[in-house]
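**Student:** here you go, sequence then predicted model.
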Amino acid sequence: MEGSLQARDVRYQSWPDSVRFALDIAGAYPPEAGVATWRRTITMNRSDGTVNVLENYMLNSAAKEITLSLMTPCDVAEGERGQLVLTMRNMPMGEPSNRSAFGMILRSSPAR
């Protein structure tokens, strides 16, 4: 659809022990947002049950503030510096494989 805002360069890869979904979401923002590229890569490790989200972006100019919204049914706690730990609510306790924890590392890169 002409004039629509949408992601581009969408890729999906699957291996026996992991799966990866990646896309450039810059096209989902209007031009005035000044987003040159915003590559989001989500990787799930099937072996240990972790999910990692990597955000790699380049803006057309320095931003005063960047807000990343994350919707989750999980409880959120601050981990080590730059890390959020998400844990499932009401998970039955028992074998370690029945517990779920997700981590998100927040990194910033200097403007180019």
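**Tutor:** Looks like it came in fine.

**Student:** buried ones in stretch 62-75?
**Tutor:** Within stretch 62-75, the residues that qualify as buried are residue 74, counting by 16 or more other Cβ atoms under 10 Å. (C-beta placed from N, C-alpha, C; glycine too.)

**Student:** begin at 44 from here
**Tutor:** Sure thing, new numbering starts at 44, so read that last one as stretch 105-118.

**Student:** measure it end to end?
**Tutor:** Taking Cα to Cα, to the nearest Å, the first and last residues of stretch 105-118 lie 32 Å apart.

**Student:** roughly how far is it from the heart of the chain?
**Tutor:** Here stretch 105-118 is found 10 Å from its chain centre; the criterion is Cα atoms, centre = their mean, to the nearest Å.

**Student:** same question for stretch 92-101.
**Tutor:** Distance of stretch 92-101 from its chain centroid, counting by Cα atoms, centre = their mean, is 4 Å.

**Student:** can you pull out the strands in this structure?
**Tutor:** Taking DSSP state E, the strands of the chain run over residues 51-57, 61-67, 78-88, 93-102, 118-121, 126-130, 144-148.

**Student:** model confidence over stretch 116-123, on average?
**Tutor:** For stretch 116-123, mean pLDDT rounds to 79.

**Student:** looking at this protein, which helix or strand does the model trust least?
**Tutor:** Least confident helix or strand of the chain, by mean pLDDT, DSSP states H and E, is strand 144-148 with a mean of 45.

**Student:** mean pLDDT for the strands of the chain: which is lowest?
**Tutor:** Here the lowest mean pLDDT among those goes to strand 144-148, at a mean of 45.

**Student:** gap between the closest residue to residue 132 other than its chain neighbours and residue 50?
**Tutor:** Excluding its sequence neighbours, the residue lying closest to residue 132 (Cβ to Cβ, 6 or more residues apart in numbering) is residue 118, at 5.8 Å. Relative to residue 50, residue 118 is positioned 29 Å away (Cβ to Cβ, to the nearest Å).

**Student:** please apply the same query to residue 87.
**Tutor:** For residue 87 relative to residue 50 (Cβ to Cβ), the value is 19 Å.

**Student:** cool, and residue 75?
**Tutor:** Going from residue 75 to residue 50 by Cβ to Cβ gives 18 Å.
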